[in-house]
Each structure stands twice: as structure tokens, then as C-alpha cells.
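> Mind folding the following:
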Amino acid sequence: MGSYKSRSIFVCSQNLGTTMDIENFISAFGVFGVIVLLLIAALFFRYVPVGLWVTAFFSGVHLKLIRDLVGMRLRKVPPHPIVRGLITAHKAGVEVSPEKLEAHYLAGGNINSVVNALVSADKARIDLSFERATAIDLAGRDVFQAIQVSVTPKVIETPAIAAVAKDGIQLRAIARVTVRANMERFVGGAGEETIIARVGEGIVSTIGSSDSHKEVLENPDKISQVVLAKGLDAGTAFEILSIDIADVDIGENIGAKLQTDQAEADLKIGRARAEERRAAAVALEQEMRAQVAEQQAKLVAAEAEVPRAIAAALQSGHLGFMDYYNLKNLQADTKMRDSIGSGFDISPTTD
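A predicted model of the protein is given here:
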């Protein structure tokens, strides 16, 4: 009887140990399974944007969860900007396909700007296709801003432009150019700098062709009419609606300044020519003095030969003593007359 009880106790202890092992195994497997399920769920929600799909579905944009959203993940395209753009376009009544938005994103475009531009163009009844909008965006220009400029014209103010009328008075004019974006020429068209340069050129030519600066001051609208008639918006991304002259100021008297400068230049030229003539006259005077000195030297040399000639004549008998005496008296009389005429004292001479 005692052995039977001991055997029963042993069997019960074995069964209890086995049950505890099974419970430990089940608890360990449960923890591991929960961890695995959490990892799977994390990976699923990481690559499968269920929340974004739900938002798109209730917004009226029907997308395939695996084909569209998961495919975007695999194609390295973030689904959030694509879905937001589709929702915005759908709510505005603009038809846009997710494939085109993906292609534009992969090309480096701005999806938000293109969608907003398409919506604004549709509301403003401007003919803007998706292809043209993406082309403008990929060209580096803000397509949404272009639509805004097309709807609400933009005013471009030129810097002060100086020009001179025919009477020599300088005028400084400031113009305000009202432009509107031309979507047909927005890709490849010139920008605001070209508009400002062309308007400035037109203002300079118009003022320069005026006979008087008073004519421009009396009719400043003449400038805007002439400049506007030249079609300055050709080849640009804008359409010029109006050109208004905001301010016209009188500058310097360029004509008088030029005349003064010319007179000073002529004076310098005259002085240079006079100095040249004076130098030539001084050189000629020096030359004449040299010639006079040369002739005086020749005269002195010739006078030095006279006594010799007289002595030779006396020796040869060609000149008598009385003739020599009369010659000396004549010389003395001539010297006296010269002395009286010059106001010097008469000094007797001895031979």
C-alpha cells in the first residue's frame, strides 16, 4: 500500500513537470511571435503607406495600394508629394495622372509648383497644358509665379535714364513698364533685364530726337507712345501693356559744357601754335643776328684794308698828299656830323 502511494506521487510529479515545460515553451514562443509580428508590422507600414492610401481614397483619388504606392517606394519616388498633388488637382477639377507626376519628379521638377500653376490657370481660364507647365518648371522658372504675373500684371520700374535733347540739355527719365507673362514665349524668352534695356534705349532715342528739352517736359507721354509703338516685347517672355513716365528731371547743360570744353581745347591749340610761331621767330631772329654779326665782321675786315690800300696808293704815287689831306678832312667832317646827330660830344682825333 505504501509503495502504491509512492508510485502515484512519482507519476503525478512527472506529469506536473511536463505541463510546466509546455507552458514555458508556449510563453517563450508567444514572446518571440509577438516580436516577429511587430517587426513584420513595422516593415509593412514602412513600405506600405496605408494611411496615405486611406487619405487619397476618401479624397476621391483612387490608387492601388501595392501597384501605385508601394511601387513608388520601390522606384525611389516619395509618395507623399505625388499623392498631395493628385488630391489638390482632383479637388480643383484638373486631370493629372500619377505617372506624369512621377516622371516630372524624377526629371528634377517641382511638383507642388506645377500643380498649383495648373489649378490657377484653370481657374483663370488660361490655356496651360501639363507639358508646357513642366517645360517651364524644368527650364528653371517659377511656373506658378508666371501664372500669377499673367493674371495680375507686374510693374517693372527702370532706373534713371539720362538722355540729351538737341538743344544740349540733359534729361533724366524714370519709366514704369506694366508687363504680363506670355505663356507661349515663356520658355526661351528674354527676361526683365531685356525689357529694361529696350525701354531705356527707346527713351534715349526719343529724347535725343527732340528739338528742345521743353518739348519733352511739356509732353512726357510722347516718350511712352513712341517707345510703346516700337514693339519692344518681341522675343521676350512678357507682353508690354503700358509704359508710363513716372518722373522727368533736368540734368546738366551738356551742350554748354561741350562748347566750353571745345573752347578750352581750341585755346590750348592756339597757345601751342603761337608758342610754335614764337619759337620760330626767335630762331629766325638768332639767325639774322648771326648774319648781321657775320656781315659786321666782313665790314671790319674790309675797313681794315683801307689804310693799307691808302698807304699802298701813296707809295705808288697814285694818291697825292693833298688828296690824302682832303680825305682826312672829309672823314673828320663826317664823324662830326654823326656825333651831332647822335648827341655825343665831339672828340678830336689824331692820326
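
> residues contacting residue 223?
Residues in contact with residue 223 (Cβ atoms under 8 Å, 6 or more residues apart in numbering) are 173, 175, 202, 203, 206, 207, 216, 243, 245. Quick note: C-beta positions are derived from backbone N, CA and C, even for glycine.

> Nearest residue to it in space, ignoring adjacent ones along the chain?
Spatially, and ignoring its direct neighbours in sequence, residue 223 is nearest to residue 206 (4.8 Å; Cβ to Cβ, 6 or more residues apart in numbering).

> before we move on, what about residue 148?
Taking Cβ to Cβ, 6+ apart as the measure, residue 148 lies nearest to residue 120, with 7.0 Å between them; neighbours along the chain are not counted.

> Now name the helix or strand holding the one you found.
Taking DSSP states H and E as the criterion, residue 120 maps to helix 111-123.

> and the angle from the helix or strand just after that helix to helix 111-123?
Moving toward the C-terminus from helix 111-123, the first helix or strand encountered (DSSP H and E) is helix 130-138. Computed with axes from the mean of the first three to the mean of the last three Cα atoms, to 10 degrees, the direction of helix 130-138 lies at 130 degrees from that of helix 111-123.

> Helix 130-138: how far from the chain's middle?
Helix 130-138 sits 28 Å away from the centroid of its parent chain (Cα atoms, centre = their mean, to the nearest Å).

> Kindly report the same for stretch 53-70.
Centroid separation between stretch 53-70 and its chain, computed with Cα atoms, centre = their mean, is 50 Å.

> okay, and for the stretch 201-350 of the chain, where does confidence drop off?
Segments of the stretch 201-350 of the chain classed as low confidence (criterion: pLDDT under 70) are 321, 342-350.

> Helices of that one, start to end?
For the stretch 201-350 of the chain, the helices defined by DSSP state H, counting those that start in this stretch cover 213-218, 221-228, 254-316, 321-342.

> can you list the residues that contact the shortest one?
Yep, that's helix 213-218 we're talking about. When contacts are defined by Cβ under 8 Å, 6+ apart, helix 213-218 is touched by residues 165, 167, 169, 171, 206, 207, 210, 222, 223, 248, 250.

> okay, residue 157: pLDDT?
In the prediction, the pLDDT value recorded for residue 157 is 90.

> Identify the residue nearest it in space, chain neighbours excluded?
Excluding its sequence neighbours, the residue lying closest to residue 157 (Cβ to Cβ, 6+ apart) is residue 176, at 5.2 Å.

> what mean pLDDT does the helix or strand encompassing the one you found have?
Using DSSP H and E, the element containing residue 176 is strand 169-181. Along strand 169-181, the predicted local confidence has a mean pLDDT of 88.

> related to what we said a few turns ago, and the buried ones among the contacts of helix 213-218, selectable in ChimeraX?
With 16 or more other Cβ atoms under 10 Å as the burial test, the buried ones among these are selected in ChimeraX as follows:
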select :165,169,171,206,207,210,223,248
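
> In TSV, list the contacts of helix 213-218 along with distance to residue 67.
Converted to TSV, the contacts of helix 213-218 look like this (distance: Cβ to Cβ, whole Å):
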residue	distance to residue 67
165	73
167	78
169	76
171	69
206	65
207	67
210	71
222	67
223	63
248	67
250	74
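
> so which of the contacts of helix 213-218 comes closest to residue 89?
Looking at the contacts of helix 213-218 and their distance to residue 89, the nearest is residue 223, at 45.9 Å (Cβ to Cβ).

> on that earlier part again, for the residue nearest to residue 148, what are its contacts?
Under the criterion of Cβ under 8 Å, 6+ apart, the contact list for residue 120 reads 126, 144, 147, 148, 151.

> and the nearest residue to the last one once chain neighbours are set aside, backbone torsions?
With sequence-adjacent residues excluded and distances taken as Cβ to Cβ, 6+ apart, residue 151 is closest to residue 124, at 4.9 Å. Residue 124 adopts backbone torsions of phi -90, psi 0, taken as degrees, to the nearest 10.

> Let me know how buried residue 124 is, in neighbour terms.
For residue 124, the neighbour count with other Cβ atoms under 10 Å is 13.

> Quick check, it in contact with residue 149.
No: at 11.5 Å, residue 124 does not count as touching residue 149 under the criterion of Cβ atoms under 8 Å.

> Longest strand in the protein, please.
With DSSP state E setting the assignment, residue counts place strand 238-253 as the longest strand in the chain.

> and that strand, which strands flank it?
According to DSSP bridges, strand 238-253 forms sheet pairs with strand 169-181 (antiparallel).

> The strand it pairs with vs helix 254-316, what angle?
Computed with the same axes, to 10 degrees, the direction of strand 169-181 lies at 140 degrees from that of helix 254-316.

> how about the CA coordinates for strand 169-181, as CSV?
Taking only C-alpha atoms (Å, rounded to 0.1, in the frame of the first residue of the first chain), the coordinates of strand 169-181 have been written out as CSV:
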residue,chain,number,x,y,z
ILE,A,169,20.0,119.9,-72.1
GLN,A,170,20.2,116.6,-70.3
LEU,A,171,17.1,114.9,-69.1
ARG,A,172,16.7,112.0,-66.6
ALA,A,173,13.6,109.9,-67.0
ILE,A,174,12.2,107.1,-64.9
ALA,A,175,9.6,104.8,-66.5
ARG,A,176,7.2,102.2,-65.1
VAL,A,177,6.6,99.3,-67.5
THR,A,178,3.5,97.2,-67.0
VAL,A,179,4.0,93.6,-68.3
ARG,A,180,2.1,90.4,-68.4
ALA,A,181,3.6,87.0,-68.8
